[in-house]
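Asks: Give me a model of this one.
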Amino acid sequence: MDSTEAPQGVIQAHLLRGQKALVTGANSGIGMATALGLGRAGADVVVNYVADRDAAEKVVEEITSFGVRAAAYEADVSKEDQVVAMVDRMVQEFGTIDIMVANAGLQRDARLTDMTLAQWQKVIDVNLTGQFLCAREAAKEFRRRGVVPEVSRAAGKIICMSSVHQLIPWSGHVNYASSKGGVQMMMQTLAQELAPEKIRVNAVAPGAIKTPINRSAWETPEAREDLLRLIPYDRIGDPVDIAHAVVALSSDLMDYVVGTTLYVDGGMTLFPGFATGG
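Replies: Numbering: from 1, shown residues only. This is a model prediction of the structure:
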């Protein structure tokens, strides 16, 4: 196996049986892999999207092939009324929600003096405010329903999709890095607040992952070589690596894990530039 190829692994088919999950931004990339992973683990899954319904429906079709329920819901996570309606619809159609994966995110890159207020605000609205709205609405349902022991030891799980850039500054991406730094503190604060109600809040922080949004960073041999200098484990991540992390954090295997960021980055946050001194 090439050192840059991700192992697909095996998700236990009944790890999340009977649970209902919602994944935002789930019609491509990390969100799609996560939705598929949750379905393979036995959860019914709502696939949220904001554009390209056909892609979302294809994800739904694959999830249902695992013998679970799935549906595609359109909603812009930066719009309060749409998030409220989406979660309300899920509770009506699926009975409840057990797992909220706040994954939807985007980039609008520019150097500081070239960045417009619109570019700044759009990234903050989707990446940070969107996660806040999704977490808030899921927590309302978790609180209403409480713990159902035969389903899970927790009343509910919220997984915030962050990034290594909640820790690593990223020149030319101040809006994105700021949004992910905000996600880290939001997640920890929500975890502290909600833990007494048996609601677990955690985050996954991907490093360099092969997705369409960053294709230019890994598609050519030259780009891949440059990127691998930042990754001690000597391979670029695959969306399935993130899916495995989300499934694990959503399960009772991780029931005592609260307020934690799981970095899935091949060691990028080890600052490999200092491996030979500093």
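Asks: can you point me to the longest helix in this structure?
Replies: helix 174-194 (DSSP state H).
Asks: Going along the chain, name the helices of the protein.
Replies: 29-40, 53-64, 80-94, 117-124, 130-145, 174-194, 221-228, 239-250.
Asks: any idea which of the ones you listed is most buried?
Replies: Of all the helices of the chain, helix 29-40 has the most neighbours on average by mean count of other C-beta atoms under 10 Å, namely a mean of 27. Every C-beta, even on glycine, is put in place using the N, C-alpha and C of the backbone.
Asks: if we can go back for a sec, so for residue 151, which of the helices of the chain sits nearest?
Replies: Evaluated with C-beta to C-beta, the helices of the chain place helix 130-145 nearest to residue 151, the distance being 9.6 Å.
Asks: Need the residues that contact the closest one.
Replies: Residues from elsewhere that reach helix 130-145 (C-beta atoms under 8 Å, 6 or more residues apart in numbering): 22, 24, 77-78, 80, 83-84, 86-87, 91, 96-98, 100, 102, 104-105, 155-156, 158, 160-161, 183, 186, 190, 194, 197, 199, 201.
Asks: so the top strand by length along the chain versus helix 130-145, what angle?
Replies: Ranked by residue count and defined by DSSP state E, the top strand of the chain is strand 199-206. If you take axes from the mean of the first three to the mean of the last three C-alpha atoms, to 10 degrees, strand 199-206 sits at 150 degrees to helix 130-145.
Asks: Show me how far strand 199-206 is from its chain's centre.
Replies: Centroid separation for strand 199-206 versus its chain: 8 Å, with C-alpha atoms, centre = their mean, to the nearest Å.
Asks: Measure how it sits relative to helix 29-40, angle-wise.
Replies: Here the directions of strand 199-206 and helix 29-40 differ by 130 degrees (the same axes, to 10 degrees).
Asks: coming back round to it: where among the helices of the chain is the average confidence lowest?
Replies: Among these, helix 221-228 carries the lowest mean pLDDT, a mean of 90.
Asks: about what we covered before: which strands and helices lie in contact with the longest strand of the chain?
Replies: The helices and strands touching strand 199-206, judged by 3 or more C-beta pairs under 8 Å, 6 or more residues apart in numbering; DSSP states H and E, are helix 130-145, strand 156-161, helix 174-194, helix 239-250, strand 261-264.
Asks: buried set for it?
Replies: 199-206 (16 or more other C-beta atoms under 10 Å).
Asks: Over to stretch 263-278?
Replies: 263-266, 268-269, 272.
Asks: Point out the least confident one among those.
Replies: Among those, residue 272 has the weakest pLDDT, 93.
Asks: Can you tell me, leaving aside adjacent residues, what's nearest to that residue?
Replies: Leaving aside its sequence neighbours, residue 272 sits nearest to residue 232 (C-beta to C-beta, 6 or more residues apart in numbering; 5.0 Å).
Asks: Count the neighbours of the one you found for me.
Replies: 15 (other C-beta atoms under 10 Å).
Asks: Do I have it right that it meets residue 271?
Replies: No: assessed by C-beta atoms under 8 Å, residue 232 is found out of contact with residue 271, at 9.7 Å.
Asks: Format the helices of the chain as a markdown table; extra columns: distance to residue 259.
Replies: Shown next, in a markdown table, are these (distance: least, C-beta to C-beta, whole Å):
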| stretch | distance to residue 259 |
| --- | --- |
| helix 29-40 | 20 |
| helix 53-64 | 29 |
| helix 80-94 | 22 |
| helix 117-124 | 22 |
| helix 130-145 | 13 |
| helix 174-194 | 3 |
| helix 221-228 | 30 |
| helix 239-250 | 12 |
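Asks: Which one, of these, ends up nearest to residue 13?
Replies: Using C-beta to C-beta, the helices of the chain put helix 29-40 closest to residue 13, at 6.5 Å.
Asks: Point out the other helices and strands that that closest one packs with.
Replies: strand 20-23, strand 44-49, helix 53-64, strand 99-102, helix 239-250.
Asks: Looking at these, spot the one closest to residue 29.
Replies: When the helices and strands packed on helix 29-40 are compared by C-beta to C-beta, helix 239-250 sits nearest residue 29, at 5.9 Å.
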